[in-house]
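> have a look at this fold, sequence not included:
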């Protein structure tokens, strides 16, 4: 087939095949790098949102339901809602977590300065755990194949929110026990005075 072609035609075909093979290889490398860059961007967005969520959890654990000394007003609730809103605006196009953030925001807004119950606080901590897991799934943090970073993301996405929830439960339980112990000590002291 190629015997009857002129040398210049053969040279043009050879150059065309070379250019096509280099072009296809270059295109596949560019596409692969674009996918990796997009993957990393989603991971960064998820990491930023998790940092904001962790700040919300820490603010909640330092607030009025856990620390009776804290001067509580609506500012802590507004601060948590503001942090969530700011994190969501940065993550809205990349992550599909609007329903989870809305649910957590409504749970946080139900926390009142004086009427906060333990069930409401634990509900907020549970919703933050659900949101953290959803962020891990949507931001591809849970899909990491490298073992070192997989264990790190597992700690950040799953274990820290669970640990903060357990710290909240422990603080609520010890607060209840301290209140019971203080009232029983007052009763014993009152009986001592009566005798």
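Everything's here; your move. Please read these numbers as outputs of a predicted model, since none were measured by experiment.
> pretty sure residue 51 is one of the things residue 90 touches, is it not?
No - taking CB atoms under 8 Å as the definition, residue 90 is not a contact partner of residue 51, at 11.1 Å. Every C-beta, even on glycine, is put in place using the N, C-alpha and C of the backbone.
> count the neighbours of residue 135 for me.
If you count neighbours by other CB atoms under 10 Å, residue 135 ends up with 28.
> that one against residue 51, yeah?
No - the criterion here is CB under 8 Å, and residue 135 misses it with residue 51 at 10.6 Å.
> for the chain, which segments count as helices?
7-62, 74-91, 98-109, 118-138, 147-154, 160-194 (DSSP state H).
> dump these to CSV, plus mean pLDDT.
CSV is the format used below for these (pLDDT from 0 to 100):
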stretch, mean pLDDT
helix 7-62, 88
helix 74-91, 75
helix 98-109, 82
helix 118-138, 82
helix 147-154, 76
helix 160-194, 65
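> just name the most buried of those helices.
Among the helices of the chain, helix 118-138 has the highest mean neighbour count (mean count of other CB atoms under 10 Å), at a mean of 19.
> so what touches it?
Residues from elsewhere that reach helix 118-138, judged by CB atoms under 8 Å, 6 or more residues apart in numbering: 42, 46, 49-50, 53, 56-57, 60, 65-66, 91, 94-97, 100-101, 103-104, 107-108, 110-111, 141-142, 153, 157-158, 160-162, 164-165, 168-169, 172, 176.
> cool, and stretch 80-97?
Residues outside stretch 80-97 that contact it (CB under 8 Å, 6+ apart): 41-42, 45-46, 48-49, 52-53, 55-56, 59-60, 98, 101, 104-105, 108-109, 131, 134-135, 138-139.
> what's near enough to touch the residue nearest the centre of the chain?
By CA atoms, centre = their mean, the mean C-alpha position of the chain lies nearest to residue 50, the distance being 2.9 Å. Residue 50 makes contact with 132, 135-136, 141, 156-157, according to CB under 8 Å, 6+ apart.
> of those residues, which is the nearest to residue 23?
Nearest to residue 23 among the contacts of residue 50 is residue 141, at 34.8 Å by CB to CB.
> hang on, that closest one packs against residue 48?
No - using CB under 8 Å, residue 141 is not in contact with residue 48; the gap is 11.5 Å.
> let me know the pLDDT of residue 2.
At residue 2, the pLDDT value in this model is 67.
> contacts only, for residue 165.
122, 125-126, 128-129.
> circling back to that earlier point, turn the contacts of residue 50 into TSV, columns for distance to residue 9.
TSV is the format used below for the contacts of residue 50 (distance: CB to CB, whole Å):
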residue	distance to residue 9
132	64
135	59
136	58
141	55
156	61
157	60
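> and those, which is closest to residue 35?
Set against residue 35, the nearest of those by CB to CB is residue 141 (16.3 Å).
> find the nearest non-adjacent residue to the closest one, please.
Distances taken as CB to CB, 6 or more residues apart in numbering put residue 153 closest to residue 141, at 4.5 Å, once the chain neighbours are dropped.
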